[in-house]
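Visitor: Structure, please.
(chains A, B, C and D)
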Protein chains: 2
Amino acid sequence: MAEARNEPVRADARQNRARIIEVAQKAFTASGDVSLNSIAKMAGVGPGTLYRHFPTREALILAVYRHEVERLAAYAPELLEDHPPLEALRLWCDRLAYYGRIKHGLADVLHALTDDGLAGETYGPIIGAVTLLLRACEDAGDIRPGVDPDDVLLMLGFLWRISPGEEGEARAARLLDLVVDGLRAGAPNL
Amino acid sequence: MAEARNEPVRADARQNRARIIEVAQKAFTASGDVSLNSIAKMAGVGPGTLYRHFPTREALILAVYRHEVERLAAYAPELLEDHPPLEALRLWCDRLAYYGRIKHGLADVLHALTDDGLAGETYGPIIGAVTLLLRACEDAGDIRPGVDPDDVLLMLGFLWRISPGEEGEARAARLLDLVVDGLRAGAPNL
DNA sequence: TTGCGTACCGGAGAGCTCTCCGGTACGTTC
DNA sequence: GAACGTACCGGAGAGCTCTCCGGTACGCAA
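Guide: Have a look, this model is predicted:
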């Protein structure tokens, strides 16, 4: 169970690694078939550097994916500091939706990787984030008690199936309103 | 159900296609990561020709695989013409074993393709071949009646797990003797 | 601060994938 | 058998992947 993430020792190496991931994220979401060469150039490093950090294309994609998940999970506590719980929940869902639509573009590549322990690595942090938000909402009395994080994610499953674009944005927002409204404390049913 | 195999119209094109498959088969079984360039060169055609017939590496591998299966299935009736049924069965099993060990080398690549309707395309012809051989043996009274082709293939499953090489050959032959002996008419048990 | 060991950088380059297109020769028609 | 349309060939080449290695500068110790 030793979490063997290969974080470099030297500061410049860590910076390079982070910059590559950042650039790769934008590049990959724009189009799936970007050359690793061009990503290296955009990140201001040589091909050799990129390939030392990420030996294969898959490795880079995986790193981007992991990074996204981590940021998404870390976003929940940040939101709770600056917003009332229910609003934080709603904002977080917006971002989850955005993330879902983005990931949709990478789905082809990602699909080949899901054999690994990727699913667990993904849903763990995400469920943690949802749990945190729900508990805050419950404590504030904003939503009905006893809402299960898993249920929320289940309901939010549709976000993954909305394709990116102008229209998708609007549609996701509309459906999210419905879901969040349904969770509210004053909601009629049940 | 329209079998849309893209057989070329012109004779030279068909020859080229066949030669490429033949060369690719040898090349792939020798090592999985042969360059398509070198295969084209070995087949005496330009890269352009190879890529027109097989747009991607996967397509070529798939074609090789299909070709092998077809030849294996066609081998059964050939054997029955030249040999007594039980001997034919045994010879066919030898070849199945050989094929199984070869395919073992391609397993990595093949694994990614098994999502398609490949399984059906494989086992259909193979089961047909086994059925043919078993019926001939039954008619000749060489084996006990009521042997199911599926059962035979099931028993022969171990062939796929024997790795290629000198030692593997001998081992496969020994185990095959056991199985075929078990099928015989005069066998004691049951 | 200076000096040292080494982790790390990044460009040159070999080799591959895949495309484009002028030329060739196959099959057909008369 | 001769002439024609086109299916097909195959090499040149652009661009990519991945490696190797001399050089750089980071972290550390004194």
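Visitor: which other residues reach stretch A:40-52?
Guide: Residues from elsewhere that reach stretch A:40-52 (CB atoms under 8 Å, 6 or more residues apart in numbering or on different chains): A:16, A:19-20, A:22-24, A:27, A:36-37, A:39, A:60. Where C-beta positions appear, they are placed from N, C-alpha and C, glycine not excepted.
Visitor: so how far is the helix or strand containing A:Val64 off the chain centroid?
Guide: Taking DSSP states H and E as the criterion, A:Val64 maps to helix A:57-82. A distance of 5 Å separates the centroid of the chain from that of helix A:57-82, by CA atoms, centre = their mean, to the nearest Å.
Visitor: Say whether DNA strand D is contacted by that helix.
Guide: Yes. Using CB under 7 Å from any atom of the strand, helix A:57-82 comes into contact with DNA strand D via A:Arg57.
Visitor: buried set for that helix?
Guide: A:60-66, A:68-69, A:72-73, A:75-76, A:79-80 (16 or more other CB atoms under 10 Å in any protein chain shown).
Visitor: Just checking it against DNA strand C, any contact.
Guide: No. Helix A:57-82 does not reach DNA strand C (CB under 7 Å from any atom of the strand); its nearest approach is 12.5 Å.
Visitor: what pLDDT, on average, does that helix get?
Guide: Averaging pLDDT along helix A:57-82 yields 89.
Visitor: Could you list every helix and strand in contact with it?
Guide: Using 3 or more CB pairs under 8 Å, 6 or more residues apart in numbering or on different chains; DSSP states H and E, the elements in contact with helix A:57-82 are helix A:11-30, helix A:36-42, helix A:85-111, helix A:118-139.
Visitor: again, 7 Å this time
Guide: Contacts defined by 3 or more CB pairs under 7 Å, 6 or more residues apart in numbering or on different chains; DSSP states H and E place helix A:57-82 against helix A:11-30, helix A:85-111, helix A:118-139.
Visitor: okay if I get these as TSV plus mean pLDDT, mean neighbour count and distance to DNA strand D?
Guide: Shown next, in TSV, are the helices and strands packed on helix A:57-82 (pLDDT from 0 to 100; neighbours: other CB atoms under 10 Å in any protein chain shown; distance: least, CB to the nearest atom of the strand, whole Å):
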stretch	mean pLDDT	mean neighbour count	distance to DNA strand D
helix A:11-30	93	16	3
helix A:85-111	75	18	12
helix A:118-139	82	17	20
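Visitor: would TSV of these with distance to B:Ile126 be doable?
Guide: Below are these laid out as TSV (distance: least, CB to CB, whole Å):
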stretch	distance to B:Ile126
helix A:11-30	41
helix A:85-111	29
helix A:118-139	34
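Visitor: Same list (the ones you listed) but as CSV, adding distance to DNA strand C.
Guide: As requested, the helices and strands packed on helix A:57-82 are exported to CSV (distance: least, CB to the nearest atom of the strand, whole Å):
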stretch, distance to DNA strand C
helix A:11-30, 4
helix A:85-111, 14
helix A:118-139, 24
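Visitor: returning to that earlier point: now the angle from the helix holding A:Val64 to helix A:11-30?
Guide: 90 degrees (axes from the mean of the first three to the mean of the last three CA atoms, to 10 degrees).
Visitor: Report the two of the contacts of stretch A:40-52 separated the most.
Guide: Greatest spacing in those, by CB to CB: A:Glu22 and A:Asn37 (17.2 Å).
Visitor: now the angle from the helix holding A:Val64 to helix A:118-139?
Guide: Using the same axes, to 10 degrees: helix A:57-82 against helix A:118-139 is 10 degrees.
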